[in-house]
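[1] Give me coordinates for this.
(chains A and B)
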Amino acid sequence: MAIYINASSMVSAQETLGTEKWPVNTVSSENSGLKVIDPVYKEYIPPAMLRRMSRLVKFSLVSAFDCLHQVEPNSIDAIITTTGLGCIDDTGVFLKQMHENGETLMNPTAFIRSTHNAVGGQIALIKGLRVPNYTYSQKETSFETGLIDAIMMIEEGEAKTILLGGFDELTPLSLNLWKQMGCLAEKELDKNGLKKASNSGVILGEGAGFFVLSTKERSSKSSKLVDIEIHRESTCDCNCLVQKFLDKHNLHSSDINLLLLGLDGTPNTKNLTTLLNSDFEKSLIAGFKHCSGSFDTDTSFALWMAHTAIQNGCIGEATYLQGDKDQEIERVLIVNSSRNNSYSFILLTRCQSSQ
Amino acid sequence: MSRKVVVTGLGIVSALGLGVEQNIHALQNGQTGIAPIKYLQTRLRDQFVLGEVKYSNTELKSNIGIGEDELISRTSLLGILAVQEATNMADLTVDELKTCALVSGTTVGGMDLTEQIADFESEENLHEILNLHPCGDSTEKIASYLGVEGFVTTYSTACSSAANAIMMGARLIKSGRADRVIAGGTDALACFTLNGFNSLLILDSEYCRPFDRSRAGLNLGEGAGFIVLEAEDIAKPNKALAVLSGYANANDAHHQTASSPEGIGASLSMQKAMEVAGLKCADISYINAHGTGTPNNDSSEAKAIRNLFGENHPAFSSTKAFTGHTLGACGGIESVFSIMAIQNQELYAGLNFSEADEDSNIVPIDQYAKSEIKHVLSNSFGFGGNNSSLIFSKI
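    Below you'll find the model as predicted:
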């Protein structure tokens, strides 16, 4: 069954909100992390509610609502949210209060806000959507496992139009944690650094990306979601897995016009660099983690890039790594990676009607 | 439904004991597992009773065969024990386990360890503990301990997490992405949740009284409940214990933490689950209610049952007066109870009930009894208005 991406929205460190094009100016990454550009929240969320929301919930809701505005909101018959760490900032606030107050006089606000399904619940509440509402939290593959469930729900006829989102926030604690592990980049990361894979640490990031998946294509702006695969702690070579994935769809590397690689500049994603020198010599190849920063659900950023690249027929110069820029972008392959040799592949194509 | 999904294994750890046998024995004999606090290191020790699993982490580790010094969350330990029992009961071979998918629900993940860190800003080597914090990590630990190499994911939708995990398990099988799925949930008690629920003023300092007019809140519990789901076409002969015949999730869209007074989401999820199963109200033999014992949940759920099923509603009860509210695990634990009710053709009574609410005026069963059980409906409702219903049917 064909599944289409009919709408997308991305709140990130770049000016990605409210546009279907790669922004003109690109913010370069700093080792203190890439934080999202705060949207004008009151344009999306009732001001009275804003005060009670954490930053993560706010910027995630903006992305969700911006995405819903592009379609008929009542057509949504399932909501899937995904997050690696959930509302980790509020979790920290409640824990701190617990230690400081000695488990007395506890204010429930941070506890209520700490649940992983806070964003999914708020979308339902504010938009009055009484539809199935699921939240996945599987570290670096949270977004991917939610995407697989969305496909299954559509295939099984449990839903026709699904709002799917991925989000995570950057907090002082996460910065401190990665620093302690020696996994934080010591200097700025540019796109050349991605290829070298010699940095000792990553640039952390945050963001919220939402998509509307449907059985029907909405317009020429839709793209087609062909397949997704997750390989957990694989013992196989990444290139070999990619070739098998393409074989499954009777495709060859040269059929892929745009290859989006989740290189993070460290040896953790070194396995992906083999794709730069392999059969993808004809493909346009781009990176994204120097623009989005690394976060558990950063595949949502890659999917936004892939979808908009198909719409525009081009990518942002800031993300360009190598290959022929003049080709038509018909098929996009996202290859993301995390630690422990885990990979995810997403294949997206242009819709027939938009050709 | 494209492929029929059957249940071939059950595993459970709760305040009632380790394993199906101990748990069912306690249910049959009306013995609660809720007791004064013994294991959780909390300053609220003298204020509340809890459904604690009656083993220390050291005892749990030794039971599993994990070294005492290994850093692993209680959530993972409880999960490993329950999954081990479930996969043994299903007679899964090492190779079958390898290709199994594992879908778990949890709300706290490694919180029992995280909350021991007194100061996040100054302490060193935080990462050793905090790497175990994510919900998804507890699931990965269970998978790696048991040699599960297939698809792994984690639900975190508050108190309906495990029920939702079981639904996803069914989809993985129906879509052909997996032949066998271990699904359920695990949650360890933590000061974080005890203080959270206490700050919301929904804990009863006495033993909880689900559906009773005098009820004043819930008792928290901990545990893990997992079931092995298999496609009927590949399941070994005579191994099926029950059929997962229906399931649904609906959102109340009423309030972040409270249920709508008329139980809109609860009615929707029960109704849709029956539609999926192709069943009428009269077909349901027993409802294992969410029944936490809070004034709000039980009133809303009772009204939903009353509105949907009418005066001749099926027998229903909440087993949370036995186990406490095990949050992310309760959908798994109560699925095990629901399937055992079918297996043994028996009804498990609630506890501590004496008088029904005036407006709904429906009375849960208060005596254990043998009974003809064909279809059991199990409810799990969570924060964020997240309502889930599962239906298990006799083979």
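
[2] Now A:Ile3. Its backbone dihedrals?
    Main-chain dihedrals, A:Ile3, degrees, to the nearest 10: phi -120, psi 130.

[3] Am I right that it is in contact with A:Met152?
    No. Counting by C-beta atoms under 8 Å, A:Ile3 sits too far from A:Met152 to count as a contact (10.6 Å). For glycine as for every other residue, the C-beta is placed from the backbone atoms N, C-alpha and C.

[4] Overlap in contacts, the two.
    Residues touching both A:Ile3 and A:Met152 (C-beta atoms under 8 Å, 6 or more residues apart in numbering or on different chains): none.

[5] Quick one: residues contacting A:Gly316.
    Counted by C-beta under 8 Å, 6+ apart, A:Gly316 has contacts A:22-23, A:26, A:291.

[6] Bridged to A:Arg9, which residues?
    No Arg there; residue A:9 is Ser. A:Ser9 has these beta-bridge partners by DSSP bridges: A:Phe210.

[7] before we move on, the earlier item: what's the closest of the contacts of A:Gly316 to A:Ile310?
    Proximity of the contacts of A:Gly316 to A:Ile310 (C-beta to C-beta) peaks at A:Trp22, which lies at 12.6 Å.

[8] How about that closest one, nearest residue that isn't a chain neighbour?
    Once flanking residues are discounted, A:Trp22 sits nearest to A:Gly316: 2.9 Å by C-beta to C-beta, 6 or more residues apart in numbering or on different chains.

[9] I'd like the distance from the strand or helix carrying B:Leu60 to the chain centre, please.
    Using DSSP states H and E, B:Leu60 sits in helix B:57-64. Between the centre of helix B:57-64 and the centre of its host chain there is 22 Å, according to C-alpha atoms, centre = their mean, to the nearest Å.

[10] Return the residues in contact with whatever residue of the stretch 1-150 of chain A ends up closest to chain B.
    Closest residue of the stretch 1-150 of chain A to chain B, C-beta to the nearest C-beta: A:Gly121 (2.6 Å). A:Gly121 makes contacts with A:115, A:133, B:251, B:256, B:383-386, as judged by C-beta under 8 Å, 6+ apart.

[11] follow-up on the earlier one: tabulate the contacts of A:Gly316 in JSON lines, adding columns for pLDDT and secondary structure.
    Converted to JSON lines, the contacts of A:Gly316 look like this (pLDDT from 0 to 100; DSSP: H, G, I helix; E, B strand; the rest coil):
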{"residue": "A:Trp22", "pLDDT": "94", "secondary structure": "coil"}
{"residue": "A:Pro23", "pLDDT": "93", "secondary structure": "coil"}
{"residue": "A:Thr26", "pLDDT": "90", "secondary structure": "coil"}
{"residue": "A:Cys291", "pLDDT": "96", "secondary structure": "helix"}
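
[12] So which of these wins on neighbours?
    Among the contacts of A:Gly316, A:Cys291 has the most neighbours (other C-beta atoms under 10 Å in any protein chain shown), with 27 neighbours.

[13] which SSE is the residue nearest to that residue when sequence neighbours are not counted in?
    With C-beta to C-beta, 6+ apart as the criterion, A:Cys291 has its nearest non-adjacent residue at 5.6 Å, and that residue is A:Gln14. Per DSSP H and E, A:Gln14 falls between elements, in no helix or strand.

[14] Distance check, A:Gln14 against A:Lys35.
    11 Å (C-beta to C-beta, to the nearest Å).

[15] Not counting residues beside it along the chain, what's closest to residue 344?
    You didn't say which chain, so I picked chain A. Nearest non-adjacent residue to A:Ser344 (C-beta to C-beta, 6+ apart): A:Glu144, at 4.5 Å.

[16] I was after chain B.
    B:Ile24 (7.2 Å).

[17] Give the other helices and strands that the host helix or strand of that neighbour contacts.
    Element membership for B:Ile24 (DSSP H and E) is helix B:20-28. Under the contact definition 3 or more C-beta pairs under 8 Å, 6 or more residues apart in numbering or on different chains; DSSP states H and E, helix B:20-28 sits against strand B:5-14, strand B:17-18, helix B:330-344.

[18] tell me the angle of that helix relative to helix B:330-344?
    Angle between the axes of helix B:20-28 and helix B:330-344 is 80 degrees (criterion: axes from the mean of the first three to the mean of the last three C-alpha atoms, to 10 degrees).

[19] neighbouring contacts of helix B:20-28?
    B:10-12, B:14, B:16-17, B:32-33, B:85, B:89, B:319, B:322, B:336-337, B:340, B:344, B:346, B:348, B:368.

[20] hmm, try it at 6 Å
    B:10, B:12, B:14, B:16-17, B:340, B:348, B:368 (C-beta atoms under 6 Å, 6 or more residues apart in numbering or on different chains).

[21] angle of that helix against strand B:5-14?
    Going by the same axes, to 10 degrees, helix B:20-28 makes 80 degrees with strand B:5-14.

[22] Briefly note if stretch B:291-307 comes near chain A.
    No. Counting by C-beta under 6 Å from any C-beta of the partner chain, chain A has no neighbours in stretch B:291-307; the shortest distance is 13.2 Å.

[23] mind saving the C-alpha coords of that stretch as PDB?
    Written as PDB, here are the backbone C-alpha positions of stretch B:291-307 (Å, rounded to 0.1, in the frame of the first residue of the first chain):
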ATOM      1  CA  GLY B 291     -10.000   0.500  38.800                       C
ATOM      2  CA  THR B 292      -7.200   2.400  40.500                       C
ATOM      3  CA  GLY B 293      -9.200   3.400  43.500                       C
ATOM      4  CA  THR B 294      -9.100   7.200  42.800                       C
ATOM      5  CA  PRO B 295     -12.500   8.900  43.100                       C
ATOM      6  CA  ASN B 296     -12.100  10.300  39.500                       C
ATOM      7  CA  ASN B 297     -10.900   7.100  37.600                       C
ATOM      8  CA  ASP B 298     -13.400   4.700  39.100                       C
ATOM      9  CA  SER B 299     -16.400   7.100  38.800                       C
ATOM     10  CA  SER B 300     -15.500   7.700  35.100                       C
ATOM     11  CA  GLU B 301     -14.900   4.000  34.400                       C
ATOM     12  CA  ALA B 302     -18.000   2.900  36.200                       C
ATOM     13  CA  LYS B 303     -20.100   5.300  34.200                       C
ATOM     14  CA  ALA B 304     -18.500   4.100  31.000                       C
ATOM     15  CA  ILE B 305     -19.300   0.500  31.800                       C
ATOM     16  CA  ARG B 306     -22.800   1.400  32.900                       C
ATOM     17  CA  ASN B 307     -23.400   3.500  29.700                       C
END
